[in-house]
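Novice: Predicted model, plus sequence, below.
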Amino acid sequence: MTGGAVEYRIGSIQRRLAEDPEVSEQGVRVAIQDGELYLTGAVATPARKEDILRIAREEAPELPVRDGLTVFQVPAPPVADDDEADDIAVVDEIADDPS
């Protein structure tokens, strides 16, 4: 594949990832090197990752796909201890009091 053909193919895959309503992904990096398609970046869910890999395989069925995608985990909010929960309840009661 020549330089121009590689750039065109990369642009085509990136455009499909951005425009596909199931994915709408712009943060995935696409590269073609030594006859292989490389995908890197972070995605929100395992399902999104699978959709991205599927689309890449559809767009370039002749190239092996190398998966460098990671699923980022959003940490759960901290759990308030009993004292903090009581403070929150008092604030809520004050906010509800019309006087």
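Specialist: Sure, I can see it. Quick caveat, the model's predicted, so the values are computed rather than measured.

Novice: Tell me what the spatially most central residue of the chain is bridged to.
Specialist: The structure's the chain has its C-alpha centroid closest to V43; by Cα atoms, centre = their mean the separation is 2.0 Å. Per DSSP bridges, the residues bridged to V43 are V71.

Novice: That one and Q73 touch, don't they?
Specialist: No. Taking Cβ atoms under 8 Å as the definition, V43 is not a contact partner of Q73, at 11.3 Å. Where C-beta positions appear, they are placed from N, C-alpha and C, glycine not excepted.

Novice: which SS class is G4?
Specialist: Three-state call for G4 (DSSP: H, G, I helix; E, B strand; the rest coil): helix.

Novice: Leaving out chain neighbours, which residue sits closest to V23?
Specialist: Closest residue in space to V23, ignoring its immediate chain neighbours: D51 at 5.1 Å, by Cβ to Cβ, 6 or more residues apart in numbering.

Novice: In contact with the one you found, which residues?
Specialist: D51 makes contacts with D20, E22, V23, as judged by Cβ atoms under 8 Å, 6 or more residues apart in numbering.

Novice: Now, of those residues, which are buried?
Specialist: Buried members of the contacts of D51, scored by 16 or more other Cβ atoms under 10 Å, are V23.

Novice: Good, wrapping up.
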